[in-house]
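# Fold the following for me, if possible:
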Amino acid sequence: MNPKKLQALGIVLGTALFVATGLLTFTAANRVHPESSAQTPPPVIKTSAAGLQTLSDTFAEVAEHVKPAVVSVYSEKVVKFRRPDFGFPFGEGFPFQFFFGDEGQPQPQPRRQQREFQYRQGGMGSGIIIDKDGHILTNNHVVQDVDEIKITLADKRTFEAKIVGTDPKTDLAVIKIKGNVPADLPVAAMGDSDAVRVGDWVLAIGAPFGYAQTVTAGIISAKGRTGVGDDGQYEDFLQTDAAINPGNSGGPLVNLKGEVIGINSAIATRVGQFAGVGFAIPSNLAQTIWPTLAKGETIKRGLLGVIIQEITPDIAKEFDLADTKGALVAQVNKDSAADKAGIKVRDVIIRYNGKDIEDTRQLRNLVAATAPGTKVDIVVRRDGKTKTLKATVGELPAEKGAPTGAPAQTDTDKFGFSVESLTADKADELGYKDEQGVLVAEVEDGSPAAQAGLQPGDLITEVNRQKVTSVSEFRAAVKDAKDRLLLLVKNKNASRFVILKVK
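Predicted coordinates:
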């Protein structure tokens, strides 16, 4: 640059700096200071350089301790496909046969059979060595439908591995080193995920984007997250802001004691990579699953035979409940464990097998983790009183298909929905055989019914605690209702209470 221009630029910058300094000095000199009687409260936690160094040392020690038990999981599967046979755009034969005929031209040959091609598709994840026998815990989606698996230890030794057991519902899988298992195999220590607090420091270890033995740090952002995967039935995720990316799946989330408190599984992102929200399967859930998978056995889940729902403030008010804790029973299946134990619709389950119930998620996971045939005590709140019942837990069967919706008819009232009779044909079509009630025929967009989640094809069995078996009974039950309705609604083999309010 020209020396004169540099000199001019220096003068401008110097002047700007002087002005900025003068403004800061003026601001500081003229700032209004609060009186001593309104002092700023002292910080909750005082930090020092020594404290930060201690934290840094702890991170390093935990990483050094846990990394040897973390493996990189490499998978391959053969993908087969057929090459499309496009042929000539003019049909069979040579291109100009249409114009010149067949004379003197080669006759068309039959099309050759399509050839099958294949290629090998690679995948990558992480895993945790869980015993000296060479069993490794990882995510089901890391090894699902693969043909070959290899694992690499922290010291770069590589072994072939095989799938021993999988559980798609929790996205957990156990694989095992093939052949001779090294005697010096390090094993990870499992911690108590229930003891984890929001705000606790954690480290995530794995192979994001193929970078093996990567360590990232963060905190526990939340607990009990659901709705993360496609099937959220048994989700109970720990949420963390420790960076988790593709390749981290199956790796450990560890506390500052070096204990595994979660198995990294998923991220919430709109860009395909980490955006500050990661999810890990709690170690306590994993410890109820992996010993069975390691034996090559199928996971058997407990079943009570009830449909439960969350207790909202509106429902708590409607049922005169002191708080929203527990799980409201909306349906009891005939001859189920709950039915035999004496559990009834409108009971609120507040304690299961010695554990207080906060919400439906907790109860669902506790029941699922209970071995079929186990006898448990269940405490319910019924009509303002508590009652202890004894149940023998059943076994969860394979899931059944859900019924489809029904065609609508119009008769919309102030709540924004209409009903029709449950005929034998509709009962068969929608899966309501041997049921009684009235069908929701139409739901008006934006109405109280729509806002409450009512849908065509739902079966209403109760209105304001009165059973209804026909349209006339339904209309009689709602006749005196002013601006509020309490409905017991069934759909997809599940019942729930619905409160409709006209504003």
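
# Settle this for me: I163 is touching I175, isn't it.
Yes. If you go by Cβ atoms under 8 Å, I163 and I175 touch, sitting 5.5 Å apart. Every C-beta, even on glycine, is put in place using the N, C-alpha and C of the backbone.

# what residues do the two have in common as contacts?
Listed as contacting both I163 and I175 by Cβ atoms under 8 Å, 6 or more residues apart in numbering are 143, 149.

# Among those two, which residue is more densely surrounded?
The neighbour count for I163 versus I175, taken as other Cβ atoms under 10 Å, is higher for I175 (28 against 18).

# any idea how far D335 is from N353?
Per Cβ to Cβ, to the nearest Å, N353 is found 22 Å from D335.

# ok, which stretches of the stretch 301-450 of the chain are strands?
All strands of the stretch 301-450 of the chain, identified by DSSP state E, counting those that start in this stretch, fall at 302-303, 306-309, 327-332, 348-352, 355-356, 375-382, 385-392, 394-395, 417-421, 438-443.

# Sheet partners, orientation included, of the fifth one?
Going back to what we said before, that points to strand 355-356. Using DSSP bridges, the strands paired with strand 355-356 in its sheet are strand 348-352 (antiparallel).

# I'd like the distance from the strand it pairs with to the chain centre, please.
24 Å (Cα atoms, centre = their mean, to the nearest Å).

# Kindly report the same for stretch 164-181.
21 Å.

# Equivalent analysis for stretch 422-439, please.
Distance of stretch 422-439 from its chain centroid, counting by Cα atoms, centre = their mean, is 33 Å.

# got the end-to-end distance for it?
With Cα to Cα, to the nearest Å as the measure, stretch 422-439 spans 6 Å from end to end.

# before we move on, what about stretch 143-156?
Using Cα to Cα, the two ends of stretch 143-156 sit 21 Å apart.

# Please identify which of N353 and D335 sits among more neighbours.
Neighbour count, other Cβ under 10 Å: between N353 and D335, N353 has more, with 17 against 10.

# pLDDT below threshold where in the stretch 401-503 of the chain?
Within the stretch 401-503 of the chain, the segments meeting pLDDT under 70 span 401-413, 493, 503.

# try the chain
For the chain (pLDDT under 70), the answer is 1-48, 81-116, 229-233, 269-273, 398-413, 493, 503.

# for it, what spans make up the helices?
For the chain, the helices defined by DSSP state H cover 3-30, 49-66, 97-100, 140-143, 283-294, 313-318, 337-341, 360-368, 424-430, 448-451, 471-479.

# so what does the second one touch, helix or strand wise?
Applying 3 or more Cβ pairs under 8 Å, 6 or more residues apart in numbering; DSSP states H and E, one finds that helix 49-66 contacts strand 201-206, strand 214-225, strand 252-254.

# Describe which strands the first one pairs with in its sheet and in which direction.
Partner strands and pairing direction for strand 201-206 (DSSP bridges) are strand 214-225 (antiparallel), strand 252-254 (antiparallel).

# Of all those, which one is nearest N491?
Nearest to N491, of all the strands paired with strand 201-206, is strand 214-225, at 25.5 Å by Cβ to Cβ.

# Of all the residues in that closest one, which ones are buried?
Neighbour counts over strand 214-225 (16 or more other Cβ atoms under 10 Å) mark 214-218, 220-221, 225 as buried.

# cool, and stretch 253-262?
253-255, 258-262.

# One more: stretch 63-73?
63, 65-73.

# Identify those among those residues that sit within strands.
Counted as lying in strands by DSSP state E, out of those, are 70-73.
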